[in-house]
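# pasting the sequence and the predicted model now:
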Amino acid sequence: MAEKIYAGVKVQVDQEGYLIDTNQWTKEIAKEIAKEEGFELTETHFAIIKFIREKVAKGEALTLRSIGKSGATDIKGFYQLFPGAPLKKATKCAGVPKPSSCI
């Protein structure tokens with residue numbers, strides 16, 4: 001485990017930069033993670049992040065299809081909002097573990 005400082009808060013992260021303790025997540029931390037990933041968060045990003053955090057809290061699996069059906073965006077929009085590896089970047093910004101479906 002490593003430590004990082006986001007928004008003035010020291011957090012524990014794994015070797016890929018995902019928060020270890022999801023309870024440490026804040027919107028400010030999410031904004032700083034997004035900057036590291038090369039983009040800025042909008043209200044649409046935060047709607048997706050909220051959806052992800054709720055699904056993970058319920059123990060439900062995350063898939064591109066479920067995000068596309070979330071009502072926050074469609075799959076094409078999801079790829080545009082989180083360019084490159086959308087599910088990995090979105091979950092990192094959401095402060096939840098990387099989905100097992102992501103390599």
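Received the coordinates, thanks.
# for Ala30, which non-adjacent residue is spatially closest?
Nearest residue to Ala30, sequence neighbours excluded (CB to CB, 6 or more residues apart in numbering): Cys93, at 4.7 Å. Where C-beta positions appear, they are placed from N, C-alpha and C, glycine not excepted.
# how close does that neighbour get to Leu64?
Using CB to CB, to the nearest Å, Cys93 is found at 16 Å from Leu64.
# ok, Tyr79 next?
9 Å.
# now do the shared contacts for those two.
Counting by CB atoms under 8 Å, 6 or more residues apart in numbering, the contacts common to Tyr79 and Leu64 are Pro86.
# who's more crowded, Cys93 and Leu64?
Neighbour count, other CB atoms under 10 Å: between Cys93 and Leu64, Cys93 has more, with 27 against 13.
# who touches whichever strand or helix holds that one?
Cys93 is part of helix 86-94 when elements are defined by DSSP states H and E. With CB under 8 Å, 6+ apart as the test, helix 86-94 has contacts from 16-18, 25, 30, 33-34, 37, 41, 45, 48-49, 52-53, 56, 62, 64, 67, 78-79, 81-83, 97-99, 101-102.
# a helix runs through Ile29, doesn't it?
Yes: the assignment for Ile29 is a helix, going by DSSP: H, G, I helix; E, B strand; the rest coil.
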